[in-house]
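Undergrad: No sequence on hand, only this structure:
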């Protein structure tokens, strides 16, 4: 018995680094997704050093022709600003606002979902109806109404995303909690005299982490798109700071002549969104493989 | 080729490997067997021994990561391994069919029964539309479905588990198979339904001349159904031969272990002692060069057992894979640890008293928004029980009889609709566990049924027990808690190393041991065990039973032991309560309940249990029908609808009286005491 036990202990204790290594080796999709994500994180962090120009500087070298050239690899926009530098600097707000707002949305969604799922009864009724109401609004309308009334700012973008994402998260968490709370260890915790808070956060939530992590990655993709859409509608970060969605919007009047001005920021959004989708797929694949 | 000389199924030197996460696992190795037309052979052994893998390989259902590394499987002389998909499909018609353990997942939930059965005929025979329905109906009648026409139009979820299994069997026989593989077909069913299914299988086999490969861990069933048996251990066949010989006088130490850990229905705890097989089935990654059972065998002798051992003839028609089978008789048996003497009990105190407890569930229809006209289902109707310290009360009955509801009401996980629950003199009726005082919570603990959900798989054993010690044991300081956790692990005979292991990595038996340790952490006055052993292998089951008995002896805790396994209850309980549809039909001391006079229901339950000693031909009349739900409008004896001796105009109208047939022995029945217990069981 002790021999098998030793084996079990050894099998379970592989260092986290080696477990990650094995997981990566089994899922090429996850590797690609993570590679793209780390590329953009590096770009955002190193922006002051790798960007060829200041993001808001206007260049007279690009007056006659806005197209890509040796000075401006990705060309310049209608205000003669270097698009490459603006994309590099623009990675910063996206990679800051998207995770921050989504984490806030998760805090709200998880709390509401756990309360509804575990407590049931009238708590569930109230939370579920609020979720229904919020989900019945088209998201775009929610964004426009909220930001148009509060004014465009980073904080208000976070608010808009929390309001639009947390109902979906709450619904997911509620479903998971409803399932997990029927297991015997929850009854055992109750008969041990644990508080509801302990049961919900120590017994139930950790078991829901698998689907939640995958959901988080998928939602990161959506959130980045949402930030782009807000920028495109003029509800994003206030000018002149670079914002990928805003760059596409600025490029629309000259789209016939200079498509590059919209193409490159769009590509930036597409690659970052795909990175998160690939990570989500990869994680799901690993989960099923097990 | 002479058809007589070719066996129906022939497996030669089969070796099956699975690709695991980091290494290959040898699931089956060196397995050879032969099955003639119309024969029935059993594969027995603990879980993880490769029984199901052999069956799956015959169906060629090994999955993506499994492969036949060596050997051949011949069906009517044709090698299954070299067949094309088209050949295989042809083979499934009139060839091989399979019945799985879980009928509900074998049926398509979105298809009506009639449609699913008709599909078998359509794909296999391209039968004409007109001829299908009558044949399906006939088959449904054959497998004993009460209302065949109506059932054709129902969905699987509208049928009970027993009926679903009948449908699966009907489906298998519609394909007219020559070989039927049954993978634990009755494990999920109640004893009475199990007996019905077994009788059905025997009849179908007689009518159709089908050969069967029967996988089971229930040796009593195997004895009743199969002529021959192969015992598998760690992927190998360790003993094979005629069922009566092998189960009656097993030669291999593993088979001996399996047979000696079956609780007996006909003998009480004082008359015998259950043995368990220590340790676990090893997982092999390469062909063993020594006896695989050596580590768990008390007959093992170094030098003799650590060479390659082949299976060879031992006695007439019995083959055994053991180097020392000739000398086993000379060895002394395993030294059974001395049992703690039974403590005298103080009958005066009452740990638990449940009076007239009744729990009704409201079934709200989805169309009934306000729930006013809800249908009620009663789970516990006027149950009254009382329990003294150190005493064990066994509660038996079929599923749906309200056993688990009773447990949950005692625990405060559910509130009763009426009646009184008193624990240690405190009235806790209607008090959910959250509303009970710390002392009341500490005094009543529970051991749950399913080992896979009883512990949070992400927590370590140390954390789980530490939490219990802190909250229930009231130990505050770190060192004290650690000592207490070590004491608990020692109590349930687990090594201290498991503390660092996550619960999800433990085996079923280990999980249940931790669950027992957790329940006893606060030295409770009462532990409620809800089928704590029903999901475990026989050998592990006996170990947990012995553990519960010994922990109980050391702590003097009262135990409510809920089970559908009568033999287990006979072994562990002092008093027994037989429940049916929320009613207690018989209650008394364990010896009184298991000896005549019986309530007709008790007798039916006892009759349904297959015994390892009973011959195949033993007369047997299974109880018909299944327990249906009891509505508050119903009057009379709840069992009257299924009772053979039911008196019309009395049993179905009037509630039965309590017959007192001895001190504390009560039978609720209209029949005179002299008429009770005249049946076959004695």
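TA: Structure's in. What do you need? Since this is a predicted model, take the numbers as computed values, not measurements. Numbering: from 1, shown residues only, chains lettered A, B, ... in the order given.

Undergrad: so where's the chain shaky on pLDDT?
TA: No chain specified, so I'll use chain A. Low-confidence segments of chain A (pLDDT under 70): A:1-15, A:61-64, A:289-290.

Undergrad: my bad, the chain I had in mind was chain B
TA: B:1-5, B:21-22, B:126-127, B:329-348, B:362-383, B:614-622, B:627-634, B:677-682.

Undergrad: Which residue lies nearest the spatial centre of chain A?
TA: residue A:220 (1.9 Å; CA atoms, centre = their mean).

Undergrad: contacting residues for that residue?
TA: Counting by CB atoms under 8 Å, 6 or more residues apart in numbering or on different chains, residue A:220 makes contact with A:98, A:99, A:102, A:276. Yep, even glycine has a C-beta here, placed from its N, CA and C like the rest.

Undergrad: The helix or strand that it is a member of: what's the following helix or strand?
TA: If you go by DSSP states H and E, residue A:220 is part of helix A:209-232. Sequence-wise, the next helix or strand downstream of helix A:209-232 (DSSP H and E) is helix A:244-251.

Undergrad: is whatever helix or strand comes next after that following helix up against chain B anywhere?
TA: Once helix A:244-251 ends, the next helix or strand along the chain (criterion: DSSP H and E) is helix A:260-289. No - for helix A:260-289, no contact with chain B is found by CB under 8 Å from any CB of the partner chain; the gap never falls below 8.5 Å.

Undergrad: List the buried residues for helix A:260-289?
TA: A:260-266, A:268-269, A:272-273, A:275-286 (16 or more other CB atoms under 10 Å in any protein chain shown).

Undergrad: Going along the chain, name the helices of chain A.
TA: A:2-12, A:16-26, A:28-45, A:47-50, A:83-114, A:121-136, A:139-150, A:154-180, A:184-190, A:196-198, A:209-232, A:244-251, A:260-289 (DSSP state H).

Undergrad: And the fifth one, what does it pack against?
TA: For helix A:83-114, the contact count by 3 or more CB pairs under 8 Å, 6 or more residues apart in numbering or on different chains; DSSP states H and E identifies helix A:28-45, helix A:47-50, helix A:121-136, helix A:154-180, helix A:209-232, helix A:244-251, helix A:260-289 as packing neighbours.

Undergrad: Of the contacts of residue A:220, just say which sits nearest to chain B.
TA: When those are compared for distance to chain B (CB to the nearest CB), residue A:102 wins out at 23.8 Å.

Undergrad: ok so, going back, narrow the contacts of residue A:220 to just the buried residues.
TA: By neighbour count, with 16+ other CB under 10 Å, those hold A:98, A:102, A:276 as buried.

Undergrad: hang on, the second one packs against residue A:221?
TA: Going back to what we said before, that points to residue A:102. No - at 10.4 Å, residue A:102 and residue A:221 do not qualify as touching, with contact defined as CB atoms under 8 Å.

Undergrad: For residue 177, list the residues it contacts.
TA: Because you didn't say which chain, this covers chain A. Here residue A:177 is in contact with A:113, A:114, A:116, A:117, A:118, A:200, A:204, A:208 (criterion: CB under 8 Å, 6+ apart).

Undergrad: The chain in question should be chain B.
TA: Residue B:177 neighbours (CB under 8 Å, 6+ apart): B:94, B:95, B:96, B:97, B:210.

Undergrad: hang on, it is in a strand, isn't it?
TA: No - when DSSP: H, G, I helix; E, B strand; the rest coil is applied, residue B:177 is found to be coil, with no strand at that position.

Undergrad: Identify each buried residue in stretch B:418-429, please.
TA: B:419, B:421, B:422, B:423, B:424, B:428, B:429.

Undergrad: ok, the helix or strand in which the third one is found near chain A or not?
TA: To tie it back to what came earlier, the one meant is residue B:422. Under DSSP H and E, the secondary-structure element containing residue B:422 is strand B:418-423. No - on the criterion CB under 8 Å from any CB, strand B:418-423 is out of touch with chain A, staying 12.4 Å away.

Undergrad: Give me the contact list for that strand.
TA: B:350-358, B:382-383, B:409-410, B:427-429, B:440, B:443-444, B:525-526.

Undergrad: Also stretch B:146-157?
TA: The contact list for stretch B:146-157, computed with CB under 8 Å, 6+ apart, reads B:104, B:107-114, B:117, B:133, B:136-137, B:140-141, B:145, B:159, B:163-164, B:167.

Undergrad: Name only those of those residues that count as buried.
TA: Listed as buried from those are B:107, B:112-114, B:117, B:136-137, B:140, B:145, B:159, B:163-164, B:167; burial here means 16+ other CB under 10 Å.

Undergrad: Helices - which of these land there?
TA: Counting by DSSP H, those contribute B:113, B:114, B:117, B:136, B:137, B:140, B:163, B:164, B:167 to helices.

Undergrad: check contacts around residue B:313.
TA: residue B:319.

Undergrad: how near is it to residue B:449?
TA: To residue B:449, residue B:313 is 43 Å away according to CB to CB, to the nearest Å.
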